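Visitor: sequence below, structure please.
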Amino acid sequence: MGSRRLPGDKVLQELSRLFMTEAHDRHVYCVFGSYDLMRPFQKRLQDEVKRGSFDSKGAVQYLSLNRNIVGHMKARGVYDQASRLSDLRRDDEFRRILSQAFRDLVTSRIEEKGAVGLILADFELLYAYDLGGNDISIARQVAINGKRVCLLVPGAMRDGRLWIFDEDPESRREFPDALVFKNSGWVFELTP
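Guide: As a prediction, this is how the structure comes out:
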């Protein structure tokens, strides 16, 4: 089946249907497209989540990883240490704190009482510190037993692989293949 090419309105309808049906196995949905298409789509999806449009089976949360990871690090009291490490270019140590904050954020949010799903967007901070494949795969691990995760990826599919940040050759990285359930009907390419 591969990815389904749909305009934003249709992708919203499909995601709504997916979040409102029973799920027992692993459910990871992926929406990808250029930044020009992704940004307005993200805003609309975020508004729908705020309205509770996807909450018939339980709470769905929208996480802007760039913003929410920083907020989570502040709440855990590790932000100042992470900021110092970043300023000192102690990237390995900073990367460990960032990785733990991301994993803790995703795990704690999906395990909240009444939570059924997460929508994850804005991967720039993670990829800036090369936390792509291994860390982002936590989404696959938590999307079990009726839980769902939707990934909003600014990228393009080429040669059967999803490339995040495809518009910038220096930043381009392969998105973890284990998160792109290509034959499930759960991978959507945004079209105008």
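Visitor: gap between stretch 19-29 and the chain center?
Guide: Put simply, stretch 19-29 sits 15 Å off its chain's centre (Cα atoms, centre = their mean, to the nearest Å).
Visitor: list the buried residues for that stretch?
Guide: In terms of neighbour count (16 or more other Cβ atoms under 10 Å), stretch 19-29 has its buried residues at 19, 23, 26, 27, 28, 29. Bear in mind the C-beta positions are built from the backbone N, C-alpha and C, glycine included.
Visitor: which other helices and strands contact the helix or strand hosting residue 45?
Guide: Using DSSP states H and E, residue 45 sits within helix 35-51. For helix 35-51, the packing partners by 3 or more Cβ pairs under 8 Å, 6 or more residues apart in numbering; DSSP states H and E come out as helix 8-20, strand 27-33, strand 59-64, strand 115-121, strand 148-158, strand 187-191.
Visitor: I'd say residue 171 and residue 154 touch.
Guide: No - using Cβ atoms under 8 Å as the test, residue 171 is too far from residue 154 to be in contact (10.0 Å).
Visitor: okay, these two: which has more neighbours?
Guide: residue 154 (24 against 13; other Cβ atoms under 10 Å).
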